[in-house]
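Peer 1: A predicted structure for the sequence below; I have some questions about it.
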Protein chains: 2
Amino acid sequence: MTKHLFAAFLLATAAPAFAQPVQPEVAKLRDAALKDDYAWDILEGLTTEVGQRMAGTEAEARARDWAVRKLKALGFANVRVEPFDMPVWTRGAESAQILAPFPQKLMITALGNSASTGPQGITGEVVGFNSEAEFEAAPDEAVRGKIVFVSHAMPRTQDGSGYGFFGGPRRQGPTVASRKGALAIVVRSIGTDYHRNPHAGVQAFAEGVKPIPAGALSIPDAEQLQRILKRGKPVTMNLTLVSQVTQGSSGNVIAEVPGRDPKAPPILVGGHLDSWDLGTGAIDDAAGVAIAAASAKRIMDAGRPLRTIRVVWFGAEEVGLFGGLDYRAKHGKEPHHAIVESDFGAGRVWKVDSKLGKEREAEARALQRALEPLGIVPGSIEEADGSDIGPMIADGVPAVGLSQDGTHYFDLHHTPDDTLDKVDPEELRQNVAAWTGMLAVLSGGIEPEPKRGKRR
Amino acid sequence: MTKHLFAAFLLATAAPAFAQPVQPEVAKLRDAALKDDYAWDILEGLTTEVGQRMAGTEAEARARDWAVRKLKALGFANVRVEPFDMPVWTRGAESAQILAPFPQKLMITALGNSASTGPQGITGEVVGFNSEAEFEAAPDEAVRGKIVFVSHAMPRTQDGSGYGFFGGPRRQGPTVASRKGALAIVVRSIGTDYHRNPHAGVQAFAEGVKPIPAGALSIPDAEQLQRILKRGKPVTMNLTLVSQVTQGSSGNVIAEVPGRDPKAPPILVGGHLDSWDLGTGAIDDAAGVAIAAASAKRIMDAGRPLRTIRVVWFGAEEVGLFGGLDYRAKHGKEPHHAIVESDFGAGRVWKVDSKLGKEREAEARALQRALEPLGIVPGSIEEADGSDIGPMIADGVPAVGLSQDGTHYFDLHHTPDDTLDKVDPEELRQNVAAWTGMLAVLSGGIEPEPKRGKRR
């Protein structure tokens, strides 16, 4: 019996806990959301009318202006920006060129916080490693003064666990390379596709470590470099990764569906407004902000929830969770009924986790039951995760996690290919249905508004 | 009854013509080629050790040097280069940027023979059309002084017919735009994928027409531009497409498996050595030169064919069939037993056509029967095609056409994504088996060489 079959057996024997039916109004709201157009409208608008919105840039500021206009137009209350300051890293010209033994260009992009090579670039011999572990085990002499190349074997996984495990070359690689005295580091993109589009992503040099140039090759180019290195001749590369750091600002955009009970702790639903600069940030994370806002809007259309639903479109997530940390600093001590974030693309929701606390198990079970008809597996009721909301979850704030299918997420993540055409409208709608069902369960009951328009 | 079912009915009633069995030595050579490694070795070597090899450039010259070394190492006789002069167009810096109403970058590449904008680029208002026909019907006033955008609706097709029909915006578009007084033209890439990789490709301004800048947007970018245009506000674009034209040279690389009968007309098998400059030209056309040479090498390994097999790796195909025309000028009047070219990727062969002449129907039928076990449909015996060899086929030279499955060919064609990883080694082997079977049929019988190595 596998672990999962055994779990299914336990569920079956625990049948009485599942006998409580889903409330008809919850089912109705959930299923109506399968025809949702709000999320697509937000997603299409943001990616078309703003496009990329790199954290701290004027493009992200335009995205905040767009967001405020859009959320007001949708009828949300208390629409506002909570600004914060931050260092802003931006890229300039980028190229990588094998000079010998087989002259050719490779497709590269700088990792966040890479040092700048200056416009003339740097030239060095390349030394290659098949994994982060192999690289870390290498003696400093093998690396000193050279351009290090580090590969990995990241597979596609539904839950994204491949990214966590195989992301080492990007996350630790640059710091390790600098400590070993390397001239620069290039890594195989932390991705799962075979297109000539390198995957950007943040890395942070450890305290006291001197920044060096750090870039990611597209996967076809990383494999090309490996084939060239295998020939056994010295490989020389010219690397140009221009970048700059300035002081700037970002902000969280906040909007609310006011609850009937102003004292009841709100439900936070969110995603992040910023994106990497190479694509238009459709799956990362225009889809997330669209799903969160569309589900809140659907509740608003149905009437007044008992609890306030607070929509937060976080700023500057990609480069270090600045928005999430700013919200936590300003609101983390206020009670929240639950916090939920969508930041794993637009693939269908396949599992619901929650961490609402032992005393709220009935609510957690009701949430699971409400989502089952959408083909969503009941997951843990003792854990949930999120990026911007991660630190608050760690603080003990109650949270829900609606896991999206990420099998193909890392084909596109942080690449120029993260564009609107990659989103399946039907999968997006299933997300909105899941989120709407969740809000219908958590919001404490929705009462129809008096129809003011029909009064005389 | 469909057309194809009716054809099958006719075949069945024509059974006697199909009774003749395939010669055992043909079947043996064909099937042994399903384990071929020669083609992969050539393909991997050329794309790794040379990479892109744009016609007329020093990279293409390096490819010729590589080819001569490789063909000699494989044991071919009479390995030589036949050089020719040509104008050489090369690209410089390229970018496209929407300035208003929604500032953002779009991914673009210049089409061959595009005029240069100079490094500072040009700026103009964009006017869009959904098809070449719609564009051609537009009055000059709608276009004059503007940047024209032309889209199309190219579908995936197995036989590549979508490319022929929907390629109008690239082939005629620039000439039409110049005649109407447009500032520049950008087209939706003539391709079928959704990656941020524009498709390059040649176009030629008609005689007397002033060259203007002409570029192709990636398909996601073309659709983004259409969405922006649909908003109805004036769209301003800055377009930088730097290029230059110089006088240069290219050449055909020729190698032979000498036949037992020096007077018997040779069989020409080929592909083209040059590639576009964005990828490494794996499917276009390292695969083709690899398939042609590998099948000739397999015949060489088996013994001496009656007829000479001449391998031709044409130069400068992409930019105007210069290699094919040079070969025709020098050798077109010499008799050829058959000419065959592989230039449609590395997808499996699904159909065999031939045009050997009425008096050689038995040979054409024998060829069909020899390839049936590989899952290859018997096609026409009255037509065949090819790119470099196209003009010679039109002249009446006997030819064979082994049609490859091109369903996904235009996902990659002329893009940065045309790299080694896109080739399926098993499909490549099926090609070599088809070509080896073909050569076994056409070559007039192979006699084992005396085993010199075992003599004392």
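Peer 2: Ah, there it is.

Peer 1: Is residue A:83 located within a strand, as I assumed?
Peer 2: Yes. Under DSSP: H, G, I helix; E, B strand; the rest coil, residue A:83 falls within a strand.

Peer 1: Surely it touches residue A:249?
Peer 2: Yes. Using Cβ atoms under 8 Å, residue A:83 makes contact with residue A:249 at a distance of 5.6 Å. C-beta here means a position set from N, CA and C on the backbone, and glycine is covered the same way.

Peer 1: List the buried residues for whichever strand or helix holds residue A:164?
Peer 2: When secondary structure is defined by DSSP states H and E, residue A:164 falls within helix A:161-166. For helix A:161-166, burial by neighbour count (16 or more other Cβ atoms under 10 Å in any protein chain shown) applies to A:162-163, A:166.

Peer 1: and that helix, how far from the chain's centre?
Peer 2: Distance of helix A:161-166 from the chain centroid (Cα atoms, centre = their mean, to the nearest Å) equals 14 Å.

Peer 1: So for it, mean pLDDT?
Peer 2: Across helix A:161-166, the average pLDDT comes to 92.

Peer 1: check whether the top helix by length along chain A contacts chain B.
Peer 2: Determined from DSSP state H, the single longest helix within chain A is helix A:425-442. No. Using Cβ under 8 Å from any Cβ of the partner chain, helix A:425-442 never reaches chain B; the gap is at least 14.4 Å.

Peer 1: next one: that helix to chain centre, how far?
Peer 2: 18 Å.

Peer 1: Spit out the contact partners of residue A:266.
Peer 2: Residue A:266 makes contacts with A:256, A:259, A:307-310, A:336-337, as judged by Cβ atoms under 8 Å, 6 or more residues apart in numbering or on different chains.

Peer 1: Kindly identify which of the buried residues of helix A:161-166 also come near chain B.
Peer 2: Okay, of the buried residues of helix A:161-166, nothing touches chain B (Cβ under 8 Å from any Cβ).

Peer 1: coming back round to it: now intersect the contacts of residue A:266 with the strands, please.
Peer 2: Among those, the members falling in strands are A:256, A:309-310 (criterion: DSSP state E).

Peer 1: Please convert the buried members of the residues you listed into ChimeraX selection syntax.
Peer 2: Burial among these is assessed by 16+ other Cβ under 10 Å; the matching ChimeraX selection reads:
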select /A:256,309,310
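
Peer 1: quick check, nearest of the ones in strands among the contacts of residue A:266 to residue B:232?
Peer 2: Using Cβ to Cβ, residue A:256 comes nearest to residue B:232 of those, at 32.5 Å.

Peer 1: quick one: the closest one and residue A:311 touch, right?
Peer 2: Yes. When contacts are counted by Cβ under 8 Å, residue A:256 is listed as touching residue A:311 (7.0 Å).

Peer 1: Could you name every residue contacting both of these two?
Peer 2: Residues touching both residue A:256 and residue A:311 (Cβ under 8 Å, 6+ apart): residue A:76.

Peer 1: what's the closest non-adjacent residue to the residue of the stretch 151-300 of chain A found nearest chain B?
Peer 2: For the stretch 151-300 of chain A, the residue closest to chain B is residue A:196, as judged by Cβ to the nearest Cβ, at 3.8 Å. Leaving out its chain neighbours, the residue that sits closest to residue A:196 by Cβ to Cβ, 6 or more residues apart in numbering or on different chains is residue B:416, at 3.8 Å.

Peer 1: Look up phi and psi at the one you found.
Peer 2: Residue B:416 adopts backbone torsions of phi -60, psi -20, taken as degrees, to the nearest 10.

Peer 1: my guess is it contacts residue B:278, does it?
Peer 2: Yes. In this structure, residue B:416 is within contact of residue B:278 by Cβ under 8 Å, at 4.4 Å.

Peer 1: my read: residue A:382 touches residue A:360, true?
Peer 2: No. Using Cβ under 8 Å, residue A:382 is not in contact with residue A:360; the gap is 11.6 Å.

Peer 1: Have a look at the two and say which one is more surrounded.
Peer 2: Using other Cβ atoms under 10 Å in any protein chain shown as the criterion, residue A:382 and residue A:360 rank with residue A:360 on top: 18 against 13.

Peer 1: so the more buried one, which of the three states?
Peer 2: From three-state DSSP, the assignment for residue A:360 is helix.

Peer 1: Close to chain B: what parts of the stretch 1-150 of chain A are there?
Peer 2: By Cβ under 8 Å from any Cβ, the residues of the stretch 1-150 of chain A that approach chain B are A:44, A:48-52, A:59, A:62, A:101-105, A:107.

Peer 1: make it 7 Å
Peer 2: With Cβ under 7 Å from any Cβ of the partner chain as the criterion, the stretch 1-150 of chain A comes near chain B at residues A:48-52, A:102, A:104, A:107.

Peer 1: Next step: the residues you listed restricted to helices.
Peer 2: Residues from these lying in helices, with DSSP H as the criterion: A:48-49.

Peer 1: Format the residues of the stretch 1-150 of chain A next to chain B as TSV; extra columns: pLDDT and neighbour count.
Peer 2: Formatted as TSV, these follow (pLDDT from 0 to 100; neighbours: other Cβ atoms under 10 Å in any protein chain shown):
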residue	pLDDT	neighbour count
A:48	98	22
A:49	98	18
A:50	98	25
A:51	98	25
A:52	98	21
A:102	98	18
A:104	98	21
A:107	98	25
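
Peer 1: from the residues of the stretch 1-150 of chain A next to chain B, which two are the most distant?
Peer 2: Spatially, the most separated pair among the residues of the stretch 1-150 of chain A next to chain B is A:49 and A:102, at 44.0 Å (Cβ to Cβ).
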